[in-house]
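**Student:** Any chance you can model this:
(chains A and B)
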Amino acid sequence: MIRVENLHKAFGGQQVLQGLTLEVNTGEIMIVIGRSGGGKSVFLRHLLGLLRPDAGRIWVDGVEITALRGHEMDKVRERYGVVFQGGALFDSLTVFDNVAFPLREKTALAASEIAARVEEKLAQVGLSGAGHKYPDEVSGGMRKRAAIARALVTEPQIVFFDEPTTGLDPVLVNAIHHLILDLHRKFRFTAVMVSHEIPEIFEIAQRVAMLHDGVIVEAGDPQAIQESGNPVVQQFIRGQIEGPIRAI
Amino acid sequence: MNTGPSETFVRPVEALGRISLDVVESLGRFGLFLGQAAVWTFVPPFKVLQLLQRIHFIGFRSLSVIILTGAFTGMVLGLQVFLTLSRFGSEAFLGPAVALSLIRELGPVLAALMVTGRAGSALTAEIGIMRITEQIDALTVMALNPMRYLIVPVIVAGLITFPLMTAIFDVVGIFGGYLVGVRLLGLSEGTYFGEMQTFVDMADIWVGFWKSLCFGVVVTWVCAYKGYYTGHGAEGVSRATTEAVVLSSVLILVWDYFLGSVLP
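**Tutor:** Below you'll find the predicted structure:
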């Protein structure tokens, strides 16, 4: 379980997180929604240990990670898989080598075993035969799928997705969402995803949390969120211009 | 809104304080960056493949520019020094003059400047792009230390390649001087090389070696640091690259003066 308590973060004078509190249960898909620039990625970077909060604490399976540094934090990260917004594939490596990278660096597996596991993961994300290509030779959707394969190749217990479908066409958005759902059914990892793909995310999320003004204003199952009486939530999921959220 | 006299006084002081703190913080981060790299250099597993790739990138791929600039530097030295010495009837000292100038000063400095222009800027851009495209974050969340994986091989490669590049620059430069002084201007070959043996000591070669070693650390440290802490977007990488080249070049000349004062 991931527990976040009263998280605060400011950049310069701008307060981005103002007491964010959230719990993510083991094995569930939690999707954090909210406006662009509203602090979703900042929140995710705190969970990854890439940012330190000004105040507040985060526990991952009982371990308080906000107090961890260096090797101790790396031990927590070894259970993580991360899909970055742009994929963050290493552009000097082929798709195959990108997916093989964490296995080569973090395990003592033989080359043949690594190759088998990479091919298996590439097949699961529909990239069989594309392993020899470089990231700039494949489409945006293929890059995202390669990033998902790389994140899952070490069979992590917790997977973080930072807007994995941003910039893709609706068909690809659905395809990636269903891919994530399939992989989740197969491997039962805990997933934390930040996204603003409304309404598609309601099909794959087990719980949804709405981040607004630096706090979680509502969290619950997709149906509860869609039926929420909170005007902020309603304005966001309906994409209305008028309401408590300032459009521009 | 009216501002009182105390506020008028406080604001500039506050701004000055903030700037001072920023400078101190940046210098501290700059120093810590090298300190961390130094520590991770001795922590296994060693990234041998990455080190060889960096040696190839910084060293081997700079060879042509080093040979070209070395040759012309030697030729210019040969011509100018010969013309100057001939006024005093001391052309015989052309060999030692060219060799000492190259070995003690011009070789380490010019080789370092050339490698900075060719490889240093590219290193900053490469590491900067890795930063803005979250590739460095990807390394971090894979529990792979980017310092060990990215930075240490660059600095160690600098330590290995800069003295080698300097040595090649010196040798090619001496032959450039030979070409002009002996082949074009008629100085005897025996005089050119014989006087060189008399006047050039091992201590002079050590001076050049220590300088090139220091420049290797300075250039790779600055270029890697600027890339690692690059600003946002393409403009941030562009600015970091420019700053890396300018700062490296300035530090090479400043360090050259200090090392020249300290070393025998």
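**Student:** From here on, just use CA atoms for contacts and neighbour counts.
**Tutor:** Will do.
**Student:** what's the closest non-adjacent residue to the closest residue to chain A within the stretch 151-264 of chain B?
**Tutor:** In the stretch 151-264 of chain B, the residue that lies nearest chain A is B:Gly233 (13.2 Å; Cα to the nearest Cα). With sequence-adjacent residues excluded and distances taken as Cα to Cα, 6 or more residues apart in numbering or on different chains, B:Gly233 is closest to B:Ile132, at 6.3 Å.
**Student:** burial of that neighbour, as a residue count?
**Tutor:** Counted with other Cα atoms under 10 Å in any protein chain shown, residues neighbouring B:Ile132 total 21.
**Student:** For it, list the residues it contacts.
**Tutor:** By Cα atoms under 8 Å, 6 or more residues apart in numbering or on different chains, the contact list for B:Ile132 reads B:230, B:232-233.
**Student:** Which pLDDT value belongs to B:Thr3?
**Tutor:** Note for B:Thr3: predicted pLDDT of 55.
**Student:** Touching, A:Arg57 and A:Lys9? I think so.
**Tutor:** No. Look at A:Arg57 against A:Lys9 with Cα atoms under 8 Å: they stay out of range, at 11.5 Å.
**Student:** Neighbour count for those two, which is higher?
**Tutor:** Between A:Arg57 and A:Lys9, counted using other Cα under 10 Å, A:Lys9 has the larger neighbour count: 23 against 20.
**Student:** ok, that one - contacts?
**Tutor:** By Cα under 8 Å, 6+ apart, A:Lys9 lies in contact with A:15-18, A:53-55.
**Student:** that older thread, for the contacts of B:Ile132, which one is nearest B:Ile103?
**Tutor:** Taking Cα to Cα as the measure, B:Ile103 lies nearest B:Thr230 of these, at 35.3 Å.
**Student:** From B:Arg239, how far off is that closest one?
**Tutor:** Distance check for B:Thr230 against B:Arg239: by Cα to Cα, to the nearest Å, it reads 8 Å.
**Student:** Of these two, which one has the most company?
**Tutor:** The neighbour comparison of B:Thr230 against B:Arg239 (other Cα under 10 Å) goes to B:Thr230, with 25 against 16.
**Student:** Would you list the phi and psi of that one?
**Tutor:** phi -70, psi 160 (degrees, to the nearest 10).
**Student:** Could you verify my assumption that it touches B:Thr133?
**Tutor:** No. Counting by Cα under 8 Å, B:Thr230 does not reach B:Thr133; the two are 11.4 Å apart.
**Student:** who in the stretch 51-200 of chain B is up against chain A?
**Tutor:** In this structure, the stretch 51-200 of chain B approaches chain A at residues B:130, B:133-135, B:137-138, B:141-144, judged by Cα under 8 Å from any Cα of the partner chain.
**Student:** and B:Phe33, how many neighbours does it have?
**Tutor:** 18.
**Student:** Please name the residues that touch the residue nearest to it when sequence neighbours are not counted.
**Tutor:** The shortest distance from B:Phe33 to any residue other than its chain neighbours is 7.1 Å, reached at B:Tyr225 (Cα to Cα, 6+ apart). Listed by Cα under 8 Å, 6+ apart, the contact partners of B:Tyr225 are B:30, B:33, B:124.
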